[in-house]
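Student: sequence and predicted structure below; questions after.
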Amino acid sequence: MSSALLSVRDLHVDFTTYNQTHKVLKGINLDIPPHSQIALVGESGSGKTVTMKAIMGLLRQPLARITAGEMYYDGRDLLTMPDKERVALRGTAMSMIFQDPMTSLNPVFTIGDQMRTILKYADRRLGRTRSARERKVRVLEVLGQVRMRDPERVFQSYPIMLSGGMRQRVLIAMALLSEPKLLIADEPGTALDVTTQAQILKLMKDLVEERGLALLMITHNLGVVRETCSYVYVMNKGVVVEHGSTADLFAAPQEDYTKALIAAVPRLTGETRFGTVEAMR
């Protein structure tokens, strides 16, 4: 898709451990158009996170290496661009929202210190100059945009002083600081209770739509996908086994694996449309 903001073509990734090579990704193709909300779905071990790390340039080399394929962001070849340019894209044009705030936030620094540091490095990569005061104003502005009731108090707080939902909002705010075009969310809100998770997912959806961003949601939960994304790629064992619009995929899944994932979504009646997960194995 030439108009895609992010395009991945025939991506292969191998892991080498104890002199043995394991093929982890086996020809992944996906497109993220501008202003779209796309999900990459599969159970643990399907290759979702490896795909995300390959896109972001976070694979641990030489343990993991891309052996074939192409990746383009806004028409720019991610695999041939200089390392310095690739690093500059990460956290500016493309930003990550991680699933666990407690491991993503430093417990010994205030939220304000951590966010100002992120903004300082982003400004440096983009060649912008901003004073410490201007950085604080920007941080408070973004904390307000993620619906924090008292941005100044949050700015001065340590992570342990905030609830799980507030820490997740901080991670979203961090990802938005440099005004990226693409957000990649890795299982956001999975450590939260159901009600708070629903609030976080609605917030993300609202922010993406308000800002005209593209969203790639990495998740195992098709219930989450149904509420937040318009298009779905389903992964299993390093391969995209099915993809299509969310409405079509839920109405008429073609692959047994997709049917199994849908069957695993809890229903109030205790019934499923496609049988049990075990029946689909």
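Tutor: Everything's here; your move.
Student: contacts and neighbour counts: CA atoms only from here.
Tutor: Will do.
Student: contacts only, for residue 174.
Tutor: 115, 118 (CA atoms under 8 Å, 6 or more residues apart in numbering).
Student: confidence score at it?
Tutor: Residue 174 carries a pLDDT value of 94.
Student: ok, now residue 279?
Tutor: With respect to pLDDT, residue 279 has a value of 40.
Student: also residue 111?
Tutor: In the predicted model, residue 111 carries a pLDDT score of 97.
Student: that one and residue 179, how far apart?
Tutor: Between residue 111 and residue 179 the distance is 19 Å, computed by CA to CA, to the nearest Å.
Student: who has more neighbours, these two?
Tutor: Taking neighbours as other CA atoms under 10 Å, residue 111 and residue 179 compare with residue 111 leading, 25 against 17.
Student: skipping adjacent residues, who's closest to that one in space?
Tutor: Using CA to CA, 6 or more residues apart in numbering and skipping the chain neighbours, the partner closest in space to residue 111 is residue 155 (5.2 Å).
Student: who are the contact partners of that neighbour?
Tutor: By CA under 8 Å, 6+ apart, the contact set of residue 155 is 110, 111, 112, 113, 139, 140.
Student: count the neighbours of the closest residue to residue 188 other than its chain neighbours for me.
Tutor: Closest residue to residue 188 apart from its sequence neighbours, by CA to CA, 6+ apart: residue 99 at 4.4 Å. Neighbours of residue 99 under the rule other CA under 10 Å: 20.
Student: wait, residue 99 touches residue 197, no?
Tutor: No - contact criterion CA atoms under 8 Å: residue 99 and residue 197 do not qualify, at 11.0 Å.
Student: so what sits against both of these two?
Tutor: 188, 189, 190.
Student: of those, just the buried ones, ChimeraX syntax please.
Tutor: One line in ChimeraX is enough to select the buried members of the shared contacts of residue 99 and residue 197, burial here meaning 16 or more other CA atoms under 10 Å:
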select :188,189
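Student: tell me the one of the shared contacts of residue 99 and residue 197 nearest residue 66?
Tutor: Set against residue 66, the nearest of those by CA to CA is residue 188 (26.2 Å).
Student: list phi and psi for the residue nearest to residue 178 when sequence neighbours are not counted.
Tutor: Excluding its sequence neighbours, the residue lying closest to residue 178 (CA to CA, 6+ apart) is residue 92, at 5.2 Å. As for residue 92, its main-chain torsions (degrees, to the nearest 10) stand at phi -120, psi -70.
Student: next up, the contacts around residue 220.
Tutor: By CA under 8 Å, 6+ apart, residue 220 lies in contact with 41, 42, 43, 44, 187.
Student: so residue 41 touches residue 238, yeah?
Tutor: No - Residue 41 is not in contact with residue 238 according to CA under 8 Å; the separation is 11.5 Å.
Student: more neighbours, these two?
Tutor: Counted by other CA under 10 Å, residue 41 and residue 238 do not tie: residue 41 has more neighbours, with 25 against 22.
Student: for that one, what are its contacts?
Tutor: When contacts are counted by CA under 8 Å, 6+ apart, residue 41 touches 48, 218, 219, 220, 221, 222, 232, 233, 234, 235.
Student: which two in those are spaced the farthest apart?
Tutor: Greatest spatial distance in these: 48 and 222, 13.8 Å, computed using CA to CA.
Student: more neighbours, those two?
Tutor: residue 48 (27 against 24).
Student: list the contacts of the more buried one.
Tutor: Contacts for residue 48 (CA under 8 Å, 6+ apart) come out as 40, 41, 42, 218, 219, 235, 238.
Student: and the pLDDT at it?
Tutor: With respect to pLDDT, residue 48 has a value of 94.
Student: and what of the one 3 residues further on?
Tutor: With respect to pLDDT, residue 51 has a value of 96.
Student: excluding sequence neighbours, find me the nearest residue to it.
Tutor: residue 25 is the one closest to residue 51 (CA to CA, 6+ apart), at 7.5 Å.
Student: tell me which stretches of the stretch 151-281 of the chain form helices.
Tutor: 151-156, 164-176, 194-211, 222-228, 246-251, 256-263, 277-280 (DSSP state H, counting those that start in this stretch).
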